[in-house]
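Visitor: Fold the following.
(chains A and B)
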Amino acid sequence: MSTLLFILPFLIVYSIVVIYAERKLSAFMQDRLGPMEVGPYGLLQTVADLLKLLQKEEIVPAKAELWLFKAAPLLIFVAVFAGFAVLPLSPSWSGSSISTGLFFLLAIVSMDVIGILMAGWSSNNKYSVLGAMRAAAQLISYEVPLGLSVLCVVIVTQTLDLQAICFQQGTHSHIPSYLLGIKALGQTNTWGGFFTWNVFRMPLLFFAWIIFFISSLAESNRTPFDLPEAEAEIVAGFQTEYSGFRWGIIMLAEYAMMLLVSLLGTILFFGGWNTPFPNMGSTLLLADWTTGPVWGIFWMILKAFLLVITQIWVRWSLPRLRVDQLMSLSWKYLTPISLILIILCGFWKLF
Amino acid sequence: MKDKSTYWSDISLTASSVYTGLRLTLSHLLKARKSRIPVAIKDPNYFALQEGISTIQYPHETIPVPDHGRYQLHNEIDDCIVCDKCAKICPVDCIDIVPIKSAEEIGKTSDGTPKRIYAAKFDIDMAKCCFCGLCTTVCPTECLTMTKKYDFSVFDIRDHNFVFGDMTEAQIKEKKENWEEHQRNKTAAATPPVVTATENNTESNEAPPAVPGAKPVFRPRVMKPAAPPTTETPKEEAKEITEKKEETASLTPPPATPSKPVFRPKIMKPVVPPPAVPDSKQEDKAEEKEATPPAPAPAVRPVFRPKIKPPGQNPPAES
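Guide: Sure, this is the predicted structure:
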């Protein structure tokens, strides 16, 4: 449980850094410079924006459902933030050690939909309602491929405990892990490093990860799946009527969601807090040297950041999907493929 | 079968387009390590610079502007002869000039043109300016130019009014008084012949300063004693005309000076009023025609004529 002490302040710092990074990366991709004026290289731009946001007047529409309107952003953030409770940060710092941690995480994150619906409906604004309806439809649809791709990992690891999943992907594991999942290629338990990561223990999980990644983009309402807040179509969707601190909370929840799905992707597919460096022979024990409480946090955050940057990269490369395309992608492509992957993983596990 | 093939081809199409898009943005991201150097448009490499960050951080760095850039107006007031041409041609009336004439030449411009008028006020309101450049084209001394300075935004729009006149209030007052003094002297100098003529004329000469705009009124009075002193009045006329020449050369009539030549062009008014005035006018003309042979004014006439032409043409039309 004590991981919250780390995660809550980290989330603030993270969102400041990532918003800056997003603005910079998007600028570079478009041959611009991005923020340059506030602080050296515009480093303090996000801080300035945050200060501005905190000072802004909070306007509640006269016809809004006051309490639902006020509670909705908090509910959105709480739903996302509760998901962080079960994340392990390092071998010795495991968060809430629920044996059904993964299930809890997916379940509590789905609560997000309630907050978004509340926000959209209580705003008493057609754009907000449209955005909220889109968000609900999208989140519920993409829960399915997300859950199925996670199920692939669960079939392979045989556990819902995130810390146990992390342990399996390192040198501490008692379960034998084979190179590329093929016994003939030899056991990699002593090697550690990236060889024991789930995507290397079980190559099929790489495809599961792609489905997981696409679904997680949709779950965190990021472009190309940002239909709930499609600014070109419905102003800002369910956020339209929000201003000041409460809008800031919604944005914080969005970026927290990005981090959460990235951390989850890291844990499920890329070894969690495990080091990417393998042990070389008996003298060059890179894996052992780079494993520890602080190293764990470092690797975890680094991998999650790489995934967040990938999300940013995707956001600034691809255009937004249409509503019907969104649904067809989820139900006609991702869901069947992930079902097939589950079957394949199950068979692989049998042999 | 066909459906199945489109299903898989859709997936491969999606994969390839996503890959293309991601690769494109990544290549731009990697090229963003370099910034384009801001070069002038005349640089041969100007269009070769296609890669890297194209942002120019404006106040800190700028694209070089050509030396013949046509942006902010500048008036070199020392070279300005205050001819008022720029103010006249300006389509948006952004140039505001208040001239004060001087009795004698006040200096020369750098190209040797004599200056005869002080610029009590030479304001250019860049907020109104449409950057057409007509004023610089008509400027006879080329003192009014467009400069390459383009960043002159201000917080108060009134600051967009650029003041080029460099005279102080005291100077303006002094020059004005000088000119009025000069005008008085001139009228005084013009009186003696009239005084010698008749007493009636002295009366009429006192009248003009009192009623400056009353020329048509004043004229008939001169005409009353016309029979005896006709020989005198033409001379007076001729003198006026010579004065007029000086005036027309400078083009700008000073405001509220009691001098006759100034309101001469206003003689156009008689076109409208009752027949009494045209009568006197025609007589005027007749006098002038009579007067010109003895007076040394033939050279004057062509200068003066174009001005008076509209009224001159009109009376015949009436008659």
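Visitor: Can you say which helix or strand has B:Asp111 in it?
Guide: Per DSSP states H and E: B:Asp111 is located in neither a helix nor a strand.
Visitor: Residue of chain B closest to chain A, please.
Guide: Across chain B, no residue is closer to chain A than B:Ala32, which sits at 3.5 Å (CB to the nearest CB). Using the backbone N, CA and C atoms, a C-beta is placed for each residue, glycine as well.
Visitor: That residue and A:Met29 touch, don't they?
Guide: Yes: the pair B:Ala32 / A:Met29 is scored as a contact, 7.5 Å apart, by CB atoms under 8 Å.
Visitor: My read is that A:Leu106 contacts A:Val144, right?
Guide: No: using CB under 8 Å, A:Leu106 is not in contact with A:Val144, being 11.1 Å away.
Visitor: ok, the residue of the stretch 201-350 of chain A found nearest chain B - contacts?
Guide: Distance from chain B to each residue of the stretch 201-350 of chain A (CB to the nearest CB) is smallest for A:Ser317, at 4.2 Å. Contacts for A:Ser317 (CB atoms under 8 Å, 6 or more residues apart in numbering or on different chains) come out as A:29, B:18, B:21-22, B:24-25.
Visitor: What is the burial count for A:Phe245?
Guide: A:Phe245 has 14 neighbours, counted by other CB atoms under 10 Å in any protein chain shown.
Visitor: And the one 10 residues further on, by the same measure?
Guide: Each residue near A:Tyr255 was counted by other CB under 10 Å, and the total is 21.
Visitor: Pretty sure it sits against A:Ser15.
Guide: Yes: A:Tyr255 lies in contact with A:Ser15 (CB under 8 Å); the separation is 4.4 Å.
Visitor: Please list the residues of the stretch 1-150 of chain B that sit near chain A.
Guide: B:7, B:10-11, B:18, B:21-22, B:24-26, B:28-29, B:31-32, B:35, B:52-55, B:57 (CB under 8 Å from any CB of the partner chain).
Visitor: now, which of those residues lie within helices?
Guide: Applying DSSP state H to the residues of the stretch 1-150 of chain B next to chain A, the entries found in helices are B:7, B:10-11, B:18, B:21-22, B:24-26, B:28-29, B:31.
Visitor: Emit the PyMOL select command for whichever of the residues you listed are buried.
Guide: Here is the PyMOL command that selects the buried residues among these (16 or more other CB atoms under 10 Å in any protein chain shown):
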select buried, chain B and resi 21+22+25+28+29
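Visitor: Reformat the ones in helices among the residues of the stretch 1-150 of chain B next to chain A as a markdown table; add pLDDT.
Guide: Formatted as a markdown table, those follow (pLDDT from 0 to 100):
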| residue | pLDDT |
| --- | --- |
| B:Tyr7 | 81 |
| B:Asp10 | 83 |
| B:Ile11 | 85 |
| B:Val18 | 89 |
| B:Gly21 | 90 |
| B:Leu22 | 90 |
| B:Leu24 | 89 |
| B:Thr25 | 89 |
| B:Leu26 | 89 |
| B:His28 | 87 |
| B:Leu29 | 87 |
| B:Lys31 | 84 |
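Visitor: Just name the closest of the ones in helices among the residues of the stretch 1-150 of chain B next to chain A to A:Asp112, please.
Guide: Lowest distance from A:Asp112 to those (CB to CB) belongs to B:Val18, with 25.8 Å.
Visitor: Name the nearest residue to that closest one, ignoring sequence neighbours.
Guide: A:Leu318 (6.5 Å; CB to CB, 6 or more residues apart in numbering or on different chains).
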